[in-house]
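Student: model this:
(3 chains)
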Amino acid sequence: MKILIYLINSLFNKVKPIFSGHYIAIAGLIGFSFFLLIALLAPWIAPQNPYDLMVLDIMDGLLPPLSKLGNGTTAWLGTDALGRDILSAVMYGLRLSLFVAFVAVAIGTTIGVILGLLAAVKGGWVETIIMRAVDLKVSFPGILLALMMLAIFGTGVDKIIYALIIGVWASKARLTRSQALSEMQKEYIDAARISGIPNWRIMVRFLLPNSIAPVLVMVPMALSGAIGAEATLSFLGVGVPITEPSLGLLIANGNDYILSGKWWISIIPGLVLVSLVLCINVVADRIREYNNPYLKSKDQ
Amino acid sequence: MDSTIIVSVFKKTINIIIENQKGENTMNYINFKTVCFVGLLASMMGSVSADTLRMAYSVAPKTIDPFKSSASATASLNEHLYEALVSRTNDKLLATSYEWVDDTTFVVNLRQGVKFHNGADFTAEDVIYSACRMMYRVDGKKNMLTSALGPVADVVAIDDYTVAFKTVGLYPILIQKLKSLSILDSGDADLGPTLKYDNTGDCGITRYPTKEEFHSGKYANGTGKYKYESFENTGDAVLVRNDQYWGTPGNWERVEIRSVANSGARMAGLLAGDFDLIENPTGEDLLALEGNSDYSFSSEPSWRTIFLILDVGSDAAPGVTAADGSNPLKDIRVRQALSLAIDREAIVDKLMGGNATVASQFAPSYQDGADSSMPEMEYNPDLARQLLAEAGYSDSISIDLRMPTDKYQNGKRVGQAIAQYWTRLGIEVTLVAEPWSVFRKARSNRELGVFMYGWGHPQGPSQMISYAFGTRDKALNLGGSNYSNYTDPDYDAAMRAWAVETDEAKAFEYNQEAMRIAVRDLPGIPLYYQHSIWAHKSDISVSGRPDERTFADMATKN
Amino acid sequence: MIKYILKRFWQSGILAVIMSLIVFFGMYVVGDPVEMLSDEDWTEQDKIELAIELGLDKPVHEQYLSFAGDIVKGDFGISFVYNRPVLDLIVERLPATLEVALLAMIIGLCIGIPLGIYSGIKGNSRGTRIISFFTTIGYSTPNFWQAILLILVFAVFFQWLPASGRGDTNLLFGIEWSLLSVDGLKHMALPAINLAIYKICMQSRLARSGTQEILYQEYMTFARAKGISRNRIIRRHLLRNILIPIVTITGLEIGGLIAFSTVTETVFAWPGIGKLLLDSIHMVDRPVVVAYLILITLMFVFINFIVDVLYAFLDPRIRHQK
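Tutor: Numbers count the residues shown, from 1 in each chain, chains lettered A, B, ... in the order given. Coordinates of the predicted model:
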């Protein structure tokens, strides 16, 4: 609990100076918050539940933006072939895409940090195995690894989360380990060891708080990467199930119609996806820039 | 590659260089002009002769050896080069007439004066040789079409232009099966002293041409309207007109066939002028052609029926549950309700863009031998709800509807639409769409209680139902795909009679009888007949084929 | 040094073996090749014969052993679907992938590096902001979405460039190249641009941060203090130092390009190995998928190995290790 409060506190204190005066980054942050809010509130603010087959009517299919549906409501952004309201589908798709990415990055980062700390503290064969596994992973393009996994295990929201976790953990483990190793060379760790504090306490109490900052800096980047990867895999037809489309699958569905002038089915989710990733990347860039000593010295 | 790794590697290099720099500078000067040099110029493309037809297939042909694959795209390509005794639409090609002289002897009179591309004459020996090549394990590999000649015991030449097929028992559909026997030139192999057919394809032949020799063009030698010019292993092929063809020669001097699997890319290729004719545009793409006078499309009702299969025989159908633990699909009223709930008209209009026909049975009503008087399947959601209530299954059934993702036109959307309709009946539907490979494995493991499938067969309407709903009978090859676990004595009696009936009219009657029983009992639910569509430039006109194959002579220049 | 190289080499070998195991046993679970290859009207006997012929009747570990044994002999097996040696299939399609990757790389370098160095030197100028705005958008846009837009704009709307396929090829050294014909180049343009956009963004960002890091080194300040002209500083000190890491990274990135080409090749129907992989996954063409992934692993292992050795040479701390 203490650690959590500590983390949140230090996070807030750090956030303010990062963004002050950087309007593009602030815009990114606001944009991201906006998307996040929509995703969270989708079930309450969306005009329709696009996953509920009861409310969909194929007689409402392929209507352009601002059309009236059979039940009298207006489809502000049009409908897809199955009569799914695009506005609602995008809201829910956003929700799903963000959910998948958040869960994958959270679990992946946690696993990475734990393995990185373990490697640093334990050393020996534990470290060898972990670091060789890291090598195995980073020597392989993430998209191929995910394709392979989904080819083997089939598709579905859970499967794609696993595939994304595999893409996330390794670089975090490597970074945590190097941070922890440099932290362990400090004298107070030796002092703690000599005074008989067990390894796990040293890990949690000293190494974790002192080596997690650089990992956290990587999180926004990992998030946008995971969103992009999920969209790509869903686009290739090995991602989320067709009845619950994410942004990537919505684009893939609409892609069939793009030549026929029914642009809204593909272009709207596409724009939302790009805006979302852009917002996150702008924020991520600023955070990284802020943490880069060369650039910081220049700013000041 | 992981971008963080790249950055770290990058940093590492920079650091090394910076360290080097602090000492003595030993690095060589690298002018980045030497790294980037490229002239990128794309000027106008060369012109294409007016007598060339450039087609885009949706699936790549795998081989130009006619017996190595039964896949439709491969057969489409090969049909340009090789001919069978009769065409798939029952026109006589290399046969001029045929008949069963007794129960097990089928005599075929051959066309005279036909020449192979290499100039050799076509005779009865070529038919025997081709049958041998079909059965022979070239390169030690099983051919894909051997089952067609399974019950054939012998093929003998009566004279140069008459050949007799001897079967082990009654095999009335032999002529249908012979449609896949492409005729090759026996001169391309080294025949032994005597050519004697046997079902291993040994036949006393000492050397067969290999698949590679077909690919290189050395023996890609048939009697068809087009001759080999080139074939790539990617499936791309170039063909030229066979000016010595026995009938009306081909419409085109030169035919170029490419394969583009992605439908959007295929359509874009047409719009960009890469192709004159593409197959299987999506219904959506066709909307793009409307109002563009440079392009047009042709739609032809095909032999493919899209239907659902219901496990009506098992006590517990996989993925189907009812509150009382029974298999609700055993109740005919439930099956009727499931069928009545589906608005096929809406699916055809809205999802298929009108390019499909509402089904009346499990095979196209317009195919030879079908009963064309059967009424279309009915849509009546109120009656459906009522039947379900009568059967005592209101709001208590849940169904996993399984389907392949990547197989049928608009399949995914049709699956979702059916799920919509059933959900409105108060049934809990989970749509499970899987890649074809995974789906087929699950099907062969009998893990599918309710699934979507499509079947198109040139051998007439009897083919599908004989495999799908007959009680298993290995000898007559009935019921091999009976995933409905359906069994009905009247149905079986009709099917068995059909299987041994050499009189075509009578065979049709038996088949229609079986079809009526199947539609009454609904071991599956017919949905619609798919249409084949070709999009093309408007300076050519296209008359499509029902067997989903794309053949150059479908197109004629205006 | 030699010990270091040997150690890396050994580790790489283990990596390849593990990869082959994962892939082989993973693919064993998916689909049934016999079901994929057979027709509806096949008899039971036909299916059994085919299974025997494909070696699928043996237990899975035996299948793996004979497969691994063959690989060591350089035989990657026969494709179930194409019925041809897998290695031939891959080798045939490799040039198509490589030439697009190469073109994309060159475009990336020629545009990305100058942009990056410019923004590195100019600091916070308007030009830098515009460049960084566009590069941020560029790498925030998923590859497939870019591809769709490219097709929409250049192939459908303006009809300048073909949207699919490889076009005419010419033979050089026994290999077909699209690079050598005008039609081929036109077909290559969109896939190459699609791959290059990400490269441009990546390279320019790398070049930018590299430039900045070097600019703030003491020797640069020293050079400026000495009154050396600005152009000379950029040419003599900056460029030579920034190019080496970038060229190295570029070498590494060939692998990444090949991986990403899976997406690009699928959208543009470019007949390279990426498309082969996706098609084979859908068809459960196990030998192709397994061989592809093993070859790709070997390639990555090799690239990483080369890079490690390169660094060992570059880094005096490792170089002088005995």
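Student: I'd like to know how many residues surround residue 157.
Tutor: Picked chain A for this. Neighbourhood size, residue A:157 [other Cβ atoms under 10 Å in any protein chain shown]: 16. For every residue, glycine as well, the C-beta is placed using N, CA and C.
Student: hm, I was asking about chain B
Tutor: 18.
Student: List the strands paired with the helix or strand harbouring it, with their directions.
Tutor: Using DSSP states H and E, residue B:157 sits in strand B:152-159. If you go by DSSP bridges, strand B:152-159 pairs up with strand B:162-167 (antiparallel).
Student: Which helix or strand lies directly C-terminal to the strand it pairs with?
Tutor: By DSSP H and E, the next helix or strand past strand B:162-167 is helix B:174-177.
Student: quick check, that following helix touching chain C?
Tutor: No: on the criterion Cβ under 8 Å from any Cβ of the partner chain, helix B:174-177 is out of touch with chain C, staying 8.9 Å away.
Student: Now do the contacts for the residue in the stretch 101-250 of chain C positioned nearest to chain A.
Tutor: Nearest to chain A, among the residues of the stretch 101-250 of chain C, is residue C:140, at 4.1 Å (Cβ to the nearest Cβ). Contacts for residue C:140 (Cβ atoms under 8 Å, 6 or more residues apart in numbering or on different chains) come out as A:224, A:274, A:277-278, A:281.
Student: Can you sort out which of these also neighbour chain B?
Tutor: Of these, not one also sits near chain B (Cβ under 8 Å from any Cβ).
Student: Most neighbours among those, please name it.
Tutor: Neighbour max across these (other Cβ under 10 Å) = residue A:277, 28 neighbours.
Student: re the thing from before, distance of the residue of the stretch 101-250 of chain C closest to chain A from residue B:224?
Tutor: 53 Å (Cβ to Cβ, to the nearest Å).
Student: before we move on, what about residue B:188?
Tutor: The value you get for residue B:188 to residue B:224, if Cβ to Cβ is used, is 15 Å.
Student: out of those two, which sits in the more crowded spot?
Tutor: residue B:224 (24 against 21).
Student: Wait, the more buried one touches residue B:77, no?
Tutor: No: taking contacts as Cβ atoms under 8 Å, residue B:224 lies outside contact range of residue B:77: 10.5 Å.
Student: ok now stretch C:26-46, how far from the chain's centre?
Tutor: 32 Å (Cα atoms, centre = their mean, to the nearest Å).
Student: ditto for stretch A:144-157
Tutor: Counting by Cα atoms, centre = their mean, stretch A:144-157 comes out at 18 Å from the chain centroid.
Student: can you check stretch C:152-162 too?
Tutor: 26 Å.
Student: Could you tell me which residues within that stretch count as buried?
Tutor: C:152, C:154-156, C:161-162 (16 or more other Cβ atoms under 10 Å in any protein chain shown).
Student: List the residues that contact the most centrally placed residue in chain A.
Tutor: Centrality entry for chain A: nearest residue to the mean C-alpha point is residue A:223, 2.6 Å, by Cα atoms, centre = their mean. Contact analysis of residue A:223 by Cβ under 8 Å, 6+ apart lists A:101-102, A:105, A:280, A:284.
Student: just the residues of the stretch 301-450 of chain B that are near chain A, which are they?
Tutor: Close to chain A, as judged by Cβ under 8 Å from any Cβ, the stretch 301-450 of chain B has residues B:346-347, B:350-351, B:405-406, B:410, B:412-413, B:415-417, B:419-420, B:423-424, B:429, B:431-435, B:438.
Student: Now do the SS call for the residue in chain B positioned nearest to chain A.
Tutor: Using Cβ to the nearest Cβ, residue B:287 is the residue of chain B that sits closest to chain A, at 3.5 Å. With DSSP: H, G, I helix; E, B strand; the rest coil as the basis, residue B:287 sits in helix.
Student: List the residues that contact the closest residue to it other than its chain neighbours.
Tutor: Counting by Cβ to Cβ, 6 or more residues apart in numbering or on different chains, residue B:287 lies nearest to residue A:260, which is 3.5 Å off, once chain neighbours are set aside. By Cβ under 8 Å, 6+ apart, the residues touching residue A:260 are B:284-288.
Student: most surrounded residue in the residues you listed?
Tutor: Neighbour max across the contacts of residue A:260 (other Cβ under 10 Å) = residue B:285, 26 neighbours.
Student: Apart from its neighbours in sequence, what residue is nearest residue A:146?
Tutor: residue A:163 (4.0 Å).
Student: Would you mind measuring from the one you found to chain C?
Tutor: Separation of residue A:163 from chain C (Cβ to the nearest Cβ, to the nearest Å): 12 Å.
Student: Tell me how many other residues crowd residue A:6.
Tutor: For residue A:6, using other Cβ under 10 Å, the count is 11.
Student: how near is it to chain B?
Tutor: Taking Cβ to the nearest Cβ, one finds residue A:6 at 26 Å from chain B.
Student: For that residue, which three-state class applies?
Tutor: helix.
Student: Describe which strands the helix or strand that residue B:399 is a member of pairs with in its sheet and in which direction.
Tutor: Residue B:399 belongs to strand B:397-404 when elements are defined using DSSP H and E. Strand pairing for strand B:397-404, determined by DSSP bridges: strand B:320-322 (antiparallel), strand B:428-434 (parallel), strand B:450-456 (parallel).
Student: Not counting the following helix or strand past that strand itself, show me its contacts.
Tutor: With elements assigned by DSSP H and E, the helix or strand that comes after strand B:397-404 is helix B:411-424. Residues from elsewhere that reach helix B:411-424, judged by Cβ under 8 Å, 6+ apart: A:53-54, A:56-58, A:81-82, A:242-243, B:306, B:308, B:338, B:341-343, B:346-347, B:351-352, B:381, B:399, B:401, B:403-405, B:408, B:429-431, B:433, B:452, B:527.
Student: could you redo the last one with a cut-off of 7 Å?
Tutor: A:53-54, A:56, A:58, A:81-82, A:242-243, B:338, B:341-343, B:347, B:351, B:381, B:399, B:401, B:403-405, B:429, B:431, B:433, B:452 (Cβ atoms under 7 Å, 6 or more residues apart in numbering or on different chains).
Student: Type out the ChimeraX command that picks the buried ones from the residues you listed.
Tutor: This is how ChimeraX selects the buried members of those, with burial counted by 16+ other Cβ under 10 Å:
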select /A:53,56,58,81,82,242,243 /B:338,341,342,343,347,351,399,401,403,404,405,429,431,433,452
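Student: Any stretches of chain B with poor pLDDT?
Tutor: Within chain B, the set of residues satisfying pLDDT under 70 comprises B:1-50, B:262, B:264, B:283-284.
Student: Chain C contacts on the stretch 1-150 of chain A?
Tutor: A:132, A:136, A:139-141, A:143-144, A:147-148 (Cβ under 7 Å from any Cβ of the partner chain).
Student: go again using 10 Å as the cut-off
Tutor: For the stretch 1-150 of chain A, the contact set with chain C under Cβ under 10 Å from any Cβ of the partner chain comprises A:24, A:28, A:128, A:132-133, A:135-136, A:138-145, A:147-150.
Student: interface residues of the stretch 101-250 of chain A facing chain B?
Tutor: Counting by Cβ under 10 Å from any Cβ, the stretch 101-250 of chain A sits next to chain B at A:134, A:137-142, A:150-151, A:154-156, A:167-168, A:170-172, A:174-175, A:178, A:218, A:221-222, A:225, A:237-238, A:241-244.
Student: Now do the strands in the stretch 1-150 of chain A.
Tutor: Using DSSP state E, counting those that start in this stretch, the strands found in the stretch 1-150 of chain A span residues A:67-68, A:74-75.
Student: Any chance of TSV for the ones you listed, columns mean neighbour count and mean pLDDT?
Tutor: Formatted as TSV, the strands of the stretch 1-150 of chain A follow (neighbours: other Cβ atoms under 10 Å in any protein chain shown; pLDDT from 0 to 100):
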stretch	mean neighbour count	mean pLDDT
strand A:67-68	13	85
strand A:74-75	19	86
